[in-house]
Structures are given as C-alpha cells and as structure tokens.
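> just need the structure, nothing else, for what follows:
(one chain, ligands or ions: 2)
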Amino acid sequence: MQNDIGRVLLSEAEIVAKVKELGDKLTEEYRGKELLVVGILKGSNVFMSDLIRQINIPLKIDFMMVSSYGNATESTGVVKIIKDIEQSISGKHLLIVEDIIDSGLTLKYLTEMLETRKPASIKLCTLLDKPARRKENVDVDYVGFEMPDEFLVGYGIDYAEYYRNLPYIGVLKPEVYEK
Ligand SMILES: O=P(O)(O)OC[C@H]1O[C@H](OP(=O)(O)OP(=O)(O)O)[C@H](O)[C@@H]1O
Ligand SMILES: Nc1nc2[nH]cnc2c(=O)[nH]1
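Ligands and ions are numbered 1, 2, ... in the order given. Okay, the predicted model is just below:
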C-alpha cells in the first residue's frame, strides 16, 4: 500500500498539529452551546474521530452517509442519502465534519436539506479544501488545509475504497490507476 504512494502532501505530524488547532478553536466556539457533531461517512471517519477528542466540551455525535462519487474520481453531481442523522436537530448547533470539499455539491445539497430541520446553527469543518474545484459556492467555516487540484488519498480518503487507513495524505503513482 505504501508503495502505491507517489508523493506525501501532508505528513502525519502536520495533520495531528492541525487537528489540535481546529479542536482548540471549536472548543471556544461551542462552549456553553448544545453541540452535535455530524460526520459525513465514510471519508470523515478518521478525521472526526481525532477531532472530537480535541474538543473539550460536552458534545454528541451522529453520522450521515451520502454517496456522490462511487468509484469515480469526478463527482456525479447526484447526492443520495444512504444513512440519515438519527435524532432531531431542531435547536441544536450542528458542526458538519468532512474530510474533503471538492466541487461543493455534496455540502451544498446537505446544508440546504438540513436547514429545513431548523437547527440553531450549521457550520462546516473540513480537513481538506480544494477551492480550485468548486462548482457550488459553500461557506466553509473551518478548513484544515487548502490543497491543489490533485486526487488525494489517505487519512480516511479512498481510491476504490482502499488507502483510507494511511496516516498521511498523499497522491497515488499514475500506474496505480492503470491496474
Ligand atoms: O465537494 P464534493 O465534490 O461534493 O466532494 C466531497 C465529497 O466527496 C467525498 O466523499 P465520497 O463521495 O468520495 O464518499 P466517501 O466519503 O464514502 O469516500 C468527500 O468525503 C465528500 O463527502
Ligand atoms: N479520494 C478522493 N476523493 C475525493 N472526492 C473529492 N475530492 C477527492 C480527492 O481528491 N480524492
């Protein structure tokens, strides 16, 4: 698996430091508020697990699972909800956690849909952002790293469901796609 990585763009240590920095900011932002952290599966799983342990106030967690990419490297633009949040979000402060924002199609759809359920607020936190790829304008409140327009894997982010367990973010060697 490690042999398939052409270049490491973000090391494990850089990610750990950034997650701590984000956790400190979120602790201050949500102190005294009823916080529900919602991870968008599957990609956010690794980031979310690390992030919530750096937020030092009471909080609840939930997950949504949506599908927009399948095994493709380009968004299809069609967002399908596979698993929904299992509790009422009315009056709660929602923090949506993503691993990566690319076209913005997934979050645009999700935030508009969740707004109709009348939460107290919705904010977005993503580890990685690729602003050059944006097709829909979404306001992202917390961004770990801005990334170039390359297909990334690792730290929860997959190619054909593999590489999610890499502790760093990298790009694959071109020959991996030819397999
Ligand atoms: O801004 P967008 O272009 O909409 O892309 C972002 C979405 O793509 C990725 O998920 P993916 O569909 O690959 O599913 P996964 O999280 O299960 O890997 C990522 O986790 C975001 O949810
Ligand atoms: N694996 C992967 N999925 C994505 N979804 C949106 N952007 C990306 C990316 O760079 N890599």
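> going forward, measure contacts between C-alpha atoms and count neighbours the same way
Fine.
> what parts of this structure come near ligand 1?
Selection of the chain residues close to ligand 1 by Cα under 6 Å from any ligand atom yields 41-43, 67-69, 75, 98-106, 157-158.
> now list the buried members of the residues you listed.
Burial by neighbour count, 16 or more other Cα atoms under 10 Å: within the residues of the chain next to ligand 1 this picks out 41-43, 67-68, 75, 98-106, 157-158.
> helices along the protein, start to end?
Along the chain, the segments classed as helices by DSSP state H run 12-30, 45-52, 105-115, 174-177.
> give me whichever of the ones you listed is most buried.
helix 45-52 (a mean of 19; mean count of other Cα atoms under 10 Å).
> re the thing from before, ok, which of the helices of the chain comes nearest ligand 2?
helix 105-115 (9.6 Å; Cα to the nearest ligand atom).
> what residue ranges in this structure are flagged as low confidence?
Scanning the chain for pLDDT under 70 picks out 69-77.
> the same query, at a cut-off of 90, please.
1-2, 67-80, 177-179 (pLDDT under 90).
> need the residues of it near ligand 2, please.
Going by Cα under 6 Å from any ligand atom, the residues of the chain near ligand 2 are D102, E150, F151, L152, V153, I157, D158, Y159.
> beta-bridge partners for the residue lying closest to the third one once chain neighbours are set aside, please?
Here the nearest residue to F151 in space, its sequence neighbours aside, is V171; by Cα to Cα, 6 or more residues apart in numbering that works out to 6.2 Å. When bridges are assigned using DSSP bridges, the partners listed for V171 are R7, L152.
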